[in-house]
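Enquirer: I would like to see how this sequence folds:
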Amino acid sequence: MFLNVVNLLSGTVAITVESGFPERVLNLCSAHGLAFWDMAWHSPTCFSMKLSRKSYLRLRRLAKKLDCDISVEKKTGVPFFVGRFRRRYFLLAGLILSLGLLFIGSFFVWDFEIEGNETVSDERILRALEKEGVRYGTFGLGIHPETLKNHILMEIPELSWMTVNVNGFRATVIVRERTPVPELRDEHTDANVVAKKDGLVTLVQLYGGHAEVSKGSTVTEGQLLISGIADIGDLGAYITRGEGNVWARTWYDLTALQPETVVEKAYTGRKKQVFTLIFGKQRIKIAPGSSISYANYDKITKTKRLRLPGGVATPLALECVTVREYEPVERALSAEEAQNRADEALQRQLADCMEEGGSVKSSTLSVKKSGAAYAVTLHAECEEQIGMTVALAE
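Expert: Got it, this is the predicted structure:
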């Protein structure tokens, strides 16, 4: 690794040597201490190798006494790169100015990375930071993580801890979210457990009170499942808290209407691209014709930020907006297509109807014509917990 860095700084020259007596060239390098590497023979009179820039220049002078032909295949390294700017003063000045701007810009924040958030969105955290004065272009050394933490935690109560680490152009925001306080179980209010919906009981988990149903019982919505009034024979009865889970099979018939015809996009092949150079929050259009004359179009925006080696972001970014024209075309749907289009929406509707933790045991779809639409019906058999705790009236 160190040798590669040295070669990069001093410059490396890859050459090909042709000679009737190639061993004389190698002996010449050995006699004058000219180091070379990556040697490869191409024929009995031709070979290639790499040398440092200084060794190449010296070999060039010494080889004039020999009957050989030395050709340069490639030059790499800092000396050759800088040499390209010889007598190109404006380019050299531009390079120096660019490096100076990058150095100065490294003291400002041009990229944010947020870690540790699951429920709190990136946008909300960035808005809170901007409210405290931390935004794109903020002076990195002026950010005080401890002060910022105190203000952000008051702004976003869902967070329990946060810090901001600034490294060059990038600010890494690390947060920890609060663990939600579990809901306390009410053990003192007298209650019954009733059915939320119709079903066929498959399992009764009794935690308190008296079970009024058993496995195989058919129940209807509102029916008493677990009673909070316990009968103790001749001694009468006492009131307690009926608790438990009652699992049951439930059935759903959900219908969605799918129009017989749909309007789809037919792309014409015409498209337009607009490029914008972004420096911080300043936007400079670098392509003409930014106006869009299409009546119907899709717009796709891609932004590529310039990054230094190691993934360090810079304040420069290139935005490309691609606009594709399309014509709306009406097309008739088959019954199978209507079923496939309605299936996803019906599955979401079924998930909303079921209780949390429920599962679908079986489901089928049926389609029939209904005027200018298809009526797609989902028939589903599920298993879910239908018990609902209801406080006893005093």
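Enquirer: any chance you could map the helices in the chain?
Expert: Counting by DSSP state H, the chain has helices at residues 2-10, 22-31, 53-62, 78-83, 89-105, 122-131, 145-155, 335-353.
Enquirer: closest to Phe169 out of those?
Expert: The stretch from those with the least distance to Phe169 (C-beta to C-beta) is helix 89-105; that distance is 6.9 Å. For the C-beta atoms, the positions are set from N, CA and C on the backbone; glycine is no exception.
Enquirer: I'd like the mean pLDDT over the closest one, please.
Expert: Average pLDDT, helix 89-105: 67.
Enquirer: Run through the residues that contact Lys299.
Expert: Contacts here follow C-beta atoms under 8 Å, 6 or more residues apart in numbering; on that basis Lys299 touches 321-323.
Enquirer: same check, this time on Leu66
Expert: Leu66 neighbours (C-beta under 8 Å, 6+ apart): 19, 21, 24-25, 28.
Enquirer: ok so, going back, tabulate the helices of the chain (CSV), appending mean neighbour count.
Expert: Formatted as CSV, those follow (neighbours: other C-beta atoms under 10 Å):
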stretch, mean neighbour count
helix 2-10, 11
helix 22-31, 15
helix 53-62, 16
helix 78-83, 13
helix 89-105, 12
helix 122-131, 15
helix 145-155, 15
helix 335-353, 15
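Enquirer: can I get the ones you listed in JSON lines with distance to Phe112?
Expert: Listed next are the helices of the chain as JSON lines, based on distance: least, C-beta to C-beta, whole Å:
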{"stretch": "helix 2-10", "distance to Phe112": "32"}
{"stretch": "helix 22-31", "distance to Phe112": "54"}
{"stretch": "helix 53-62", "distance to Phe112": "43"}
{"stretch": "helix 78-83", "distance to Phe112": "33"}
{"stretch": "helix 89-105", "distance to Phe112": "15"}
{"stretch": "helix 122-131", "distance to Phe112": "6"}
{"stretch": "helix 145-155", "distance to Phe112": "13"}
{"stretch": "helix 335-353", "distance to Phe112": "34"}
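Enquirer: so which of these comes closest to Thr255?
Expert: Of all the helices of the chain, it is helix 335-353 that lies closest to Thr255, at 8.2 Å by C-beta to C-beta.
Enquirer: elements contacting that closest one?
Expert: strand 243-259, strand 359-370, strand 373-385 (3 or more C-beta pairs under 8 Å, 6 or more residues apart in numbering; DSSP states H and E).
Enquirer: Could I get the ones you listed in CSV, plus columns for mean neighbour count?
Expert: Shown next, in CSV, are these (neighbours: other C-beta under 10 Å):
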stretch, mean neighbour count
strand 243-259, 18
strand 359-370, 12
strand 373-385, 19
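Enquirer: Let me have those in TSV, extended by distance to Lys131 and mean pLDDT.
Expert: Putting the helices and strands packed on helix 335-353 into TSV (distance: least, C-beta to C-beta, whole Å; pLDDT from 0 to 100) gives the following:
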stretch	distance to Lys131	mean pLDDT
strand 243-259	44	94
strand 359-370	45	92
strand 373-385	44	94
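Enquirer: Of the contacts of Lys299, just say which sits nearest to Arg135.
Expert: Nearest to Arg135 among the contacts of Lys299, counting by C-beta to C-beta, is Val321 at 23.5 Å.
Enquirer: Next, work out how far apart Thr389 and Val194 are.
Expert: 8 Å (C-beta to C-beta, to the nearest Å).
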